[in-house]
Every structure is written in structure tokens, then in C-alpha cells.
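J.: generate a structure from the sequence data that follows.
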Amino acid sequence: MNITKELINEFEKELVKKEKSPATVEKYVRDVEAFSDYAVYDIPPKPCLAESGIADESENRHVTVTVTKQTVIAYKAYLTEHYAARSVNSMLASLNAFFTFTGNTELKVKSLKLQHEIFCPEEKELTKAEYLRLVNTAEKSNKRLSLIIQTICGTGIRVSELQYITVEAVKHGEADVNCKGKTRTVFIVKELKRKLLKYINERKIKTGSVFVTKNGRPVSRSNIWREMKAICKAANVNPSKVFPHNLRHLFARVFYAIEKDIAKLADILGHSSINTTRIYIVSTGDEHRRRMEKMKLVI
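T.: Predicted coordinates for the structure are as follows:
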């Protein structure tokens, strides 16, 4: 098959028609464009760009790309070598959706088989202490970022859902969040409400989303990512742990540690499956080790 910019645009329109969330549409298109780059140059975008959610602005977007099953298999092999298995499967899902849309189902490839992880690597888990250092560091130089970090971690919302934190929602103490075809209520706790109202009054924001760019658009994931990375050194936090979605994971772990109710947590996070929620509350190997030590089964 041939991949053209026009075909990718049609794919994007179809995703919008199916009422996929803006973040999902952006990701699917980005993944297809990354594959298109690979097919032209035989070199995929740098992992750091794809992992951060920043699109690679290659010059081949107008080029017609010829794709074979061998090309897709080779791309899968490259991804497997350079990315985590879950990331590989996520990117392959985007490609398979594109191939289904274009009627080239013979190009689809199987996802990687995943073994359930009983703990997550310590180098990837953001601790509460590290979170507090990030907040305090941001407070000194970038108060908006400090408040964004606290809003995500204090509510458990996705970055794409920040747009629903409006002036009206803050005053009401709760926000109606619409994502992936589902609407849920997100509560804004008293201390966060107080901070947000102060910010709203200082910035003279009359209505609409609280966190917007100079053009009035909701702040993007890539902008928040860059701003968070910029304060890592001053906050003495490993940059590999610092990205917006990890704040949502921290919310999940803290909530579950208190409530021990995974079904309730799934509802709060907006997950359709508890299996997804389980990924969020996996603890580190060090914690598992401490629990095993407490068992005192070795005499």
C-alpha cells in the first residue's frame, strides 16, 4: 500500500467522526506519521521525542510511502528493541487501526505478549517526597506549573482533561469531565479550590479553562512536559520519573493505600477496566522486599 499525507488526513477525520478524544486522535496520527518516517528513511523518530509526546517534524510528510508487510515487521522489531513492551503495543495498535481503515488488514501485526508485572522499577516511580520537591521548586519560579502539577495529582485527572478545570468548576468545587465517550465528576478538594480561586483572581480569569496559553488554548501535554523537565535538577528529582502522567499514577497509589478500594479508584480515574487500574497501583520491588522481610519465614 501507499501512505500519503492525504490518506493520513482522512484517517484523522475518521477518528474524529468516531468521537475519539483529541489526545487519542493526536497520538494515532503521530504514530502513523512516525511509521511513515521509518518507511522513508529506515530510521524512526528518536525515542525521547515519541516518549515525550512531541511530534517529530520530519520533512517527508508530503512524500508517498510504499509499505509492505516486511516493512511493518521490521518496524515492530525496531520498536521492540528501543521501547518498553506496553509502548510498542500502543504504537502498533495505532498502526493496525490505520491499516484497518485503509482496507489493508494483511499489513496488521500481532502485539507483544505481556506478562503481568508484580512491581514497577524504582527508577520510574515518582515518590510523594519527590512530588513535593517538584511542587516547591516550581512555586519559586513558575507558579502556574506548580498549580498544574497539584491539580493533576490532587484530582487524578489526565493532562488532556485539564481543560475541564474551569472557573465555573472551581467555584462549584467539582468538574464534569468528558473523556473517551464517558462523563464523570471530579471533585476539587478545599485546599486546591482555595489555591485555584486565588490564581483565578490574580490572573483576572473571568470564565472558561483556568490553564490556557496566550492564545486562549488549553496548555498542551508537551508544554507541561518541558516545563516539568526544566525543574528536575533544581528539585533533585531524576528526570526519568518526571512526566505529567506519573502524577496521575501517584494519585492512584496514594488513594489505594488509604482506601484499598480498586473499584472506586477505577471510577475516579475513568477506567473501563479494573485491569487498567491495577497497573497504576503496582508498587516498587523495594516495597515488596520489605513486606517479605516482615514475614520472617527464614529461621
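J.: ok, which stretches of the stretch 1-150 of the chain are helices?
T.: 5-17, 22-41, 47-52, 69-82, 85-102, 128-141, 143-155 (DSSP state H, counting those that start in this stretch).
J.: what's the closest of those to residue 231?
T.: Residue 231 sits nearest to helix 128-141 of all the helices of the stretch 1-150 of the chain, at 4.8 Å, using CB to CB. To be clear about C-beta, it is placed using only N, CA and C from the backbone, and glycine gets the same treatment.
J.: buried set for that closest one?
T.: 130, 131, 133, 134, 135, 137, 138 (16 or more other CB atoms under 10 Å).
J.: what about dumping the CA coordinates of it to CSV?
T.: Output of helix 128-141 as CSV, limited to C-alpha atoms (Å, rounded to 0.1, in the frame of the first residue of the first chain):
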residue,chain,number,x,y,z
LYS,A,128,5.4,11.6,47.3
ALA,A,129,8.6,13.3,48.6
GLU,A,130,9.8,13.9,45.1
TYR,A,131,6.5,15.2,44.1
LEU,A,132,6.6,17.7,47.0
ARG,A,133,10.1,18.9,45.9
LEU,A,134,8.8,19.4,42.4
VAL,A,135,5.9,21.5,43.6
ASN,A,136,8.0,23.6,45.9
THR,A,137,10.6,24.2,43.2
ALA,A,138,8.0,25.2,40.7
GLU,A,139,6.4,27.5,43.2
LYS,A,140,9.6,29.7,43.2
SER,A,141,9.8,30.2,39.5
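J.: any idea of the angle it forms with helix 143-155?
T.: 150 degrees (axes from the mean of the first three to the mean of the last three CA atoms, to 10 degrees).
J.: ok, back up a step: make a markdown table out of the helices of the stretch 1-150 of the chain and add distance to residue 193 and mean pLDDT.
T.: Formatted as a markdown table, these follow (distance: least, CB to CB, whole Å; pLDDT from 0 to 100):
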| stretch | distance to residue 193 | mean pLDDT |
| --- | --- | --- |
| helix 5-17 | 34 | 93 |
| helix 22-41 | 25 | 89 |
| helix 47-52 | 31 | 40 |
| helix 69-82 | 43 | 92 |
| helix 85-102 | 34 | 93 |
| helix 128-141 | 17 | 96 |
| helix 143-155 | 10 | 96 |
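J.: pick the most deeply packed of those helices.
T.: helix 143-155 (a mean of 21; mean count of other CB atoms under 10 Å).
J.: what is that one packed up against?
T.: Secondary-structure packing of helix 143-155 (3 or more CB pairs under 8 Å, 6 or more residues apart in numbering; DSSP states H and E): helix 128-141, helix 190-202, helix 221-230, helix 244-259.
J.: which one of these lies closest to residue 109?
T.: Between those, helix 244-259 lies closest to residue 109; by CB to CB that is 25.7 Å.
J.: which residue is nearest the centroid of this structure?
T.: Centrality entry for the chain: nearest residue to the mean C-alpha point is residue 245, 4.6 Å, by CA atoms, centre = their mean.
J.: quick one: that one and residue 159 touch, right?
T.: Yes: using CB atoms under 8 Å, residue 245 is in contact with residue 159, at 6.9 Å.
J.: give the contact list for the nearest residue to residue 71 once chain neighbours are set aside.
T.: When the adjacent residues along the chain are set aside, residue 71 lies closest to residue 39, with 5.5 Å between them (CB to CB, 6 or more residues apart in numbering). Contact analysis of residue 39 by CB atoms under 8 Å, 6 or more residues apart in numbering lists 3, 65, 66, 67, 71, 75.
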